[in-house]
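Undergrad: predicted model follows, preceded by the sequence.
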Amino acid sequence: MSKLKDLLKRVEGMGESNFDLSKYTNGKDDETAALKLKERYEQLKKEIGEISKDLSKLEGARMTALFKLGGLGSNINPETAGSDRLNTEIENCSNEIEKIDRALEPLYKKKEPLVQELREITKATNELVNKNAEKLGISPLSYVSKYQLHLD
């Protein structure tokens, strides 16, 4: 279970979102604000990707443990019902699933505010792009290309 502990230590502190749109837009021209929003978007995308990767690993470990528990459960019959070894294995497997579930919960909680901030940045960037494209009399797509604001 040390891999699980290492994983939890690594992701500790990730996902804390302190989004303040004004720090990207107030006192800056719109092009600079859009570039700052793009930078934050890329940073969030990377953090969400790391959390998602960790979630995927833990969910995979959980599924493996569930299959193992199912296999152990299929071994229960009148002859093995009182087996200490089987009962111990089932209990250990159940405990492992509980540990994984406890590890998953904070990761989901860390991911949600980042996803919300990503949505807010996307909306703010779209508003800036549309407003400035209209000012220049060009399409939003042309504006994005002109200032290299496209997201990868």
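TA: Yes, it's here. This is a predicted model, so every value here is computed, not measured.
Undergrad: the longest helix in this structure is where?
TA: helix 84-136 (DSSP state H).
Undergrad: give the buried residues for the helix or strand just after that one.
TA: Moving toward the C-terminus from helix 84-136, the next helix or strand (DSSP states H and E) is helix 140-146. Across helix 140-146, burial judged by 16 or more other C-beta atoms under 10 Å covers 140, 143-144. Where you see a C-beta, it was placed from the backbone N, CA and C, and this is true even at glycine.
Undergrad: mind putting these into CSV with pLDDT and distance to Asn77?
TA: Shown next, in CSV, are the buried residues of helix 140-146 (pLDDT from 0 to 100; distance: C-beta to C-beta, whole Å):
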residue, pLDDT, distance to Asn77
Pro140, 88, 67
Tyr143, 83, 70
Val144, 81, 65
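Undergrad: closest one of those to Thr64?
TA: Thr64 lies nearest to Val144 out of the buried residues of helix 140-146, by C-beta to C-beta, at 43.7 Å.
Undergrad: could you measure from the closest one over to Glu127?
TA: 13 Å (C-beta to C-beta, to the nearest Å).
Undergrad: ok, now Ser142?
TA: Ser142 is 17 Å from Glu127, where distance means C-beta to C-beta.
Undergrad: do Lys53 as well
TA: From Lys53 over to Glu127 (counting by C-beta to C-beta), the distance is 31 Å.
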